[in-house]
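sequence plus the predicted model coming up.
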Amino acid sequence: MERPRMTAVSQVRRRLTKIRPTLHSPETTEEAFAVEFDRFLDRTDGVAQSERLFDLLSAFALNFDCQWVAYGSISSNQKGLNSVRRDPAVLLNFPEEWQERYFEMGYDRIDPIIKTCRTRADAFRWSDVYNDGSTTEDERRVFDEAATFGLRSGISVPLHGPDRSFAIVSFAQAWNGELQNRKITYLQFAALHFHFKVNKFANSSGTESEPGLSPREKECIVWIARGKSSWEIGQILGISVDTVNFHVKNILRKMDTLNRTAAATKALNLGIIEL
C-alpha cells in the first residue's frame, strides 16, 4: 500500500515533535511556544493573502519578543534589496524612519545580513555576524545605526531557492539580548512555513488582493495623483528625492503598474487614496 504523502505542515509538525518538551518537563515556557506554533500553523491554513500571512507571522514572533519582522526576495543577479523581485513582495514592519535611512544611505549594497545569507543555510544571530572577523567597519555601521532606530538584536533566516535566488526573513528585538537556540528553531520553522505559503500563493492564479501600501507610500501616491514630481514630494514630506523614488518604486511593484499615472489611477479606483 502506498504511503500517503506528507503535507508541508505535517512535515514541520513531525520535525518539531523531536524537539518539543513533554508536558511534564520543567521547561513550561518552551511548551507554551510549541502550542503557539501549532496555533500559527492552524491559523495560516486556507489563508491566501501574503499580507495576512505576514500579520500572522508577526503575531507569532511577538511570543519571542520580536517586535520587528522583515521578508524579502533577492534574485541571483541582485546585490541588494532595492530592486527586489515583484513576486513575492517585500513585507516588513520595520520603523519607517529606518527604512528610509537604510535606502537613502545605500545600506542595501553593504548589508552584512544579505552577504551572510548568500552563503548560509541556517538561521543566524546578528551578533555572530557583527563579531565575525570578516565583517568590515562599514558593515558593522549598518547594525549600529539600526540599533538607534530600535532594532537592537535579532536573527535572520536564509531561504534558498533555484538559480541562486534566495529570500530572507529577519526577526528583530528592541532590546539587547540573545535568543536561545530552541527559540530560534521555532522562528526558523515559522519562516519556512510562511515562505512556502507566500510562494504558493504568488505562483497561483488566484484573485489579486488589494495592495498593502505603507503610510509613507500612501502619502507619496496622493501627491503623485496631484501631479507633483519627486523633488516636490520630497520638499513637502521633508525627505530626499532618492527616498521618494524608493517609495515610488515600491508603489509601482505593489500596484503592478509600469508608471506613476497608472499607479495613481489604480489607487484611486481601489479607494486606497482620495483627492
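Now that the structure is in, tell me what you want to look at.

any weak-confidence spans in the protein?
Across the chain, residues meeting the criterion (pLDDT under 70) sit at 1-30, 76-89, 201-210, 269, 275.

center of it, which residue is that?
Central residue of the chain (Cα atoms, centre = their mean): Tyr71, 1.7 Å from the mean position.

did I read that right, it in a strand?
Yes - when classified by DSSP: H, G, I helix; E, B strand; the rest coil, Tyr71 is found to be part of a strand.

ok, which stretches of the stretch 101-250 of the chain are strands?
Using DSSP state E, counting those that start in this stretch, the strands found in the stretch 101-250 of the chain span residues 124-125, 153-160, 166-173.

can you list the buried residues in the last one?
Right, strand 166-173. Applying a neighbour-count criterion of 16 or more other Cβ atoms under 10 Å, one finds 166-173 buried in strand 166-173. C-beta: built from backbone N, CA, C; applies to glycine.

in CSV, list those along with distance to Phe37.
Putting the buried residues of strand 166-173 into CSV (distance: Cβ to Cβ, whole Å) gives the following:
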residue, distance to Phe37
Phe166, 24
Ala167, 20
Ile168, 21
Val169, 15
Ser170, 19
Phe171, 14
Ala172, 19
Gln173, 18
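
from these, which two are the most distant?
Phe166 and Gln173 (23.3 Å; Cβ to Cβ).

coming back round to it: looking at the buried residues of strand 166-173, spot the one nearest Ile184.
For these, with Ile184 as the reference and Cβ to Cβ as the criterion, the closest is Phe171, at 8.9 Å.

for the residue lying closest to Glu104 once chain neighbours are set aside, what are its contacts?
Across the structure, with Cβ to Cβ, 6 or more residues apart in numbering as the measure, the residue nearest Glu104 apart from its sequence neighbours is Thr243 (5.0 Å). Contact analysis of Thr243 by Cβ atoms under 8 Å, 6 or more residues apart in numbering lists 100, 103-104, 234.

quick one: the helices in this protein?
Remark: helices assigned in the chain by DSSP state H are 8-16, 28-44, 50-61, 96-104, 112-117, 126-130, 137-148, 181-202, 215-225, 230-237, 241-255, 260-269.

closest one to Gly161 among those helices?
Judging the helices of the chain by Cβ to Cβ, what sits closest to Gly161 is helix 181-202, at 8.2 Å.

if you compare the directions of that closest one and helix 28-44, what angle comes out?
0 degrees (axes from the mean of the first three to the mean of the last three Cα atoms, to 10 degrees).

got the angle for helix 181-202 vs helix 50-61?
Relative orientation of helix 181-202 with respect to helix 50-61: 170 degrees, computed using the same axes, to 10 degrees.
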